[in-house]
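Pasting the sequence and the predicted model now:
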Amino acid sequence: MNKYEIIIYWSEEDQLFIAEVPELPGCMADGKTHREALDNVQVVIEEWIDTAKSLGREIPKPKGKLIFA
């Protein structure tokens, strides 16, 4: 299980739940339910990290809950 913040919201346009990982640019997944979106984004997080490692890119450390001003 990762420790990155995941934001899940309903997309009226797509008629799906969208799960985004703000700390990993471009890392997102969707699903018909909250659970499906969460399960799918867990896979995408691992793929994102594996790809970053293979390209020699820095992997951000999880910060937990992000605070916006």
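Noted; the coordinates are in hand.

spatially speaking, which residue is in the middle of this protein?
With the centre of the chain defined as its mean C-alpha position, the nearest residue by CA atoms, centre = their mean is Val21, 3.1 Å away.

Spatially, what comes nearest to it if we skip its sequence neighbours?
Of all residues not flanking Val21 in the chain, Cys27 sits nearest, at 4.1 Å (CB to CB, 6 or more residues apart in numbering). Yep, even glycine has a C-beta here, placed from its N, CA and C like the rest.

next one: Val43
The spatially closest residue to Val43, leaving aside those adjacent along the chain, is Ala29, at 7.2 Å (CB to CB, 6+ apart).

Kindly list the main-chain dihedrals of that neighbour?
When read as degrees, to the nearest 10, the backbone of Ala29 gives phi -150, psi 170.

Just the pLDDT for the residue nearest to the centre of the chain.
pLDDT for Val21: 96.

Identify the residues contacting the host helix or strand of Asp50?
For Asp50, the element it lies in under DSSP states H and E is helix 34-54. Applying CB atoms under 8 Å, 6 or more residues apart in numbering, the set of residues contacting helix 34-54 from outside is 1-2, 4, 6, 8, 16-21, 24, 26-31, 58-59.
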